[in-house]
Structures are given as C-alpha cells and as structure tokens.
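J.: Predicted model and sequence below, questions to follow.
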Amino acid sequence: MSRIDNLIAKHCPNGIAFEPLSNIGVWYGGGTPSKSRIDYWQEGTIPWVSPKDMGKPTLTATEDYITEAAVKGSATKLVPANSVAVVVRSSILDRILPTALIPIPVALNQDMKAVVPYDGILSGYVAHMLRSRGPEILRVARKAGGSVASIESKKLFSFHIPLPPLEIQREIVEVLDTFTKLEAELEAELEARRRQYKYYRDALLTFGERTDSAGRQAGRQAGRQAGRQAGRQAGRQLYRQGGRRWVTSATSFAALAYKNRTSPSPVSVAFTTARYTRTTVHGRVKPSPSSVQTLQYACGRLIRAT
C-alpha cells in the first residue's frame, strides 16, 4: 500500500466523505469596473482576473490591473489570497474548464468565480481536485445553448468532491505539485527545442543566404536554454544515482568532449549538465562503478565521433 492508502485506512476507516462545492469555502463573483472611469484603471495595482489570464495552474499576474477606487465603486470585489478561480463564462468552456490557484489578493471580472476554502481545506487540494474533475463539472453544469458557453452556478455549487482529512490532503498536494512542476519544466524545454529547431531549419534552408544577427542570437539563446534545462533534469538524475565522485567524473569527461565541439550538441548539453551538477549536487550516496563506466563509455564515443 502507498502512504496515501495507509493514511486513508488510518483516518478514514469508513471511507472518505464527499461535500458539495458550496460547503468548502466562501465563494466570490466578479464584475467589470466602468471603462469610462480613468481613475478605475490608470496606475492600478490590483490584479483583475479574466478568462484570458487562466492559462497556468498557478496565477500570479494578470493583463489588467485596477485601482482601489474601482473595487469600492463597482461590482467587483477583492478576493483574499489563496483562492481557487474558475472560469464560468467563455467559449473555452466548450473544450475545458480552466481553473487556477491564486496565492495573491485579486479582483475578478463577471466571467469568473473564486472560492477561498475554509480552515482545514487546502487551496492546493481544491485546485487539483477541480482540475481533475473539470470534464465532469462541464458535463453536468454547462448550460445548453446560448451564444457563449457558461456554467450554471446552482449546478456548480451542488457538485460533490471527496474531502479527506488535512493530513491526506497535504500528502496528495505534495505529490501532485511535484508532477506539476516537472510538467512545467518539460514544457519549457520543449519550447526551447522548438525555437532551436526553427533557427536551424531556417538556417539550413537558406542555401548560403546570409542569416541576420537576430536569427543567430535567437538560435544561440534557444540552445543555451535547452542546455540549461537538460542540465537541471540530468542533475536531479545524477543526485539520485550517485554522489560527488559521479559528478566529478561527469565534469571531467564531458568537459573534455566539449572542447571538441562548438555548436549545440549532446556533448555541450552534457557539459552544461556537469557544470550545473558540480555546483548544486552534494554527494550522499556512493555511485556504482558501472554507472561511472557507462558515463565514460558514452563520452568516449562522443569524443571519437567528433
């Protein structure tokens, strides 16, 4: 059994209770301050959340900001920190239900709702739960017809979610946050690889035509970013597999290989990995000889291939 299974068996011998969303916290709606009031928008400092901002699991910045005068003089209200926001009116609801954890105080526009969970309920748990149950919520709460897709508040609030004890919530959030962070890192590396591919594609298909300095700079930047990202991931892997000896071997062999190349390559990525891990990894576990031999063999092949 996993740790979570053990906790459930210990704290919930009769099963986990389910609660409607209306009972998990205080819900907030939103509104749009008058666009004709310059004092509502100019030099605003309060993030004003709308569906266009809901692209990431955690939201810390918005496109638009409003002033305190806008909060006092319009339908929008200030939502306390550590809320979970949900889009309730937008064409995107035809496909997905955008949700986000918001660790800062914000205001909402009229197409949004947010909940601040009660004590004993983690905002992170609610955020992960709503993201997981998004398709089900859309199936039961999305309004039929209409020019723009929307969610019926009554059906949203009556939707039930499992609500385990706080200790189990913490364990679940810790596990899922780890995967969320890894997913973000992989997406960043993929984007860097796309830019790198675009640069080399354009460079190769010019057939001798001169590439402008901006293009070369973009290619170098994409290569560096991809190398750093690969280094971070490999660094964690090195930490799991071995200690300082492994890192020292990685540094020496990858550095030797790096001298034989000038363009982005697996060797340069390996060098970046070694440089990164040398400064961040602290040896705790003695590496196996086979692991070091594998690294030496791989770097040796790369050196001979140059």
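T.: That came through fine. Numbering: from 1, shown residues only.

J.: got the contact list for Ser90?
T.: By CB atoms under 8 Å, 6 or more residues apart in numbering, Ser90 lies in contact with 51, 98, 111, 148-150. (C-beta placed from N, C-alpha, C; glycine too.)

J.: can we see that at 10 Å?
T.: 50-52, 54, 97-98, 111-112, 148-151 (CB atoms under 10 Å, 6 or more residues apart in numbering).

J.: From those residues, which land in strands?
T.: Among those, the members found in strands (DSSP state E) are Met112.

J.: Just flag the most distant two among the contacts of Ser90.
T.: Farthest apart among those by CB to CB are Lys52 and Ile151. That separation is 17.2 Å.

J.: Could you measure from Ser36 over to Lys72?
T.: Distance check for Ser36 against Lys72: by CB to CB, to the nearest Å, it reads 17 Å.

J.: Looking at those two, which is more packed in?
T.: Neighbour totals were compared for Ser36 and Lys72, and Lys72 leads with 12 against 7 (other CB atoms under 10 Å).

J.: Lys52 and Ile151 - which one has more neighbours?
T.: Using other CB under 10 Å, the more surrounded residue of Lys52 and Ile151 is Ile151, with 23 against 15.

J.: Quick check: closest non-adjacent residue to that one.
T.: Nearest non-adjacent residue to Ile151, counting by CB to CB, 6 or more residues apart in numbering: Val88, 4.2 Å away.

J.: Run through the strands of the stretch 51-200 of the chain in chain order.
T.: 64-66, 78-79, 83-87, 99-102, 106-108, 112-117, 160-162 (DSSP state E, counting those that start in this stretch).

J.: right, and the ones you listed - which one's nearest Leu190?
T.: Minimum separation from Leu190 across the strands of the stretch 51-200 of the chain (CB to CB) falls at strand 99-102, 21.3 Å.

J.: ok, and the helix or strand in the chain with the lowest average confidence?
T.: Ranking every helix and strand in the chain by mean pLDDT, DSSP states H and E puts helix 244-258 at the bottom, with a mean of 40.

J.: Can you measure across stretch 87-98, start residue to end residue?
T.: Start-to-end span of stretch 87-98 (CA to CA, to the nearest Å) is 6 Å.

J.: looking at it, the residue nearest to Ile151 is touching Val115, isn't it?
T.: No: between Val88 and Val115 there is no contact under CB atoms under 10 Å: 11.7 Å.

J.: which helix in the chain runs the most residues?
T.: Identified as the longest helix of the chain according to DSSP state H is helix 166-204.

J.: Would you mind pulling up the elements that that helix packs against?
T.: Judged by 3 or more CB pairs under 10 Å, 6 or more residues apart in numbering; DSSP states H and E, helix 166-204 is in contact with helix 3-11, strand 99-102, helix 123-132, helix 213-241.

J.: Now for the residue lying closest to Leu163 once chain neighbours are set aside: which residues touch it?
T.: Once flanking residues are discounted, Leu163 sits nearest to Glu19: 4.7 Å by CB to CB, 6+ apart. Neighbouring residues of Glu19 by CB under 10 Å, 6+ apart: 121, 160-163.

J.: buried subset of those residues?
T.: Buried subset of the contacts of Glu19 (neighbour count, 16 or more other CB atoms under 10 Å): 121, 161, 163.

J.: Name the nearest of these relative to Leu138.
T.: Closest approach to Leu138 among those (CB to CB): Ile161, at 14.7 Å.
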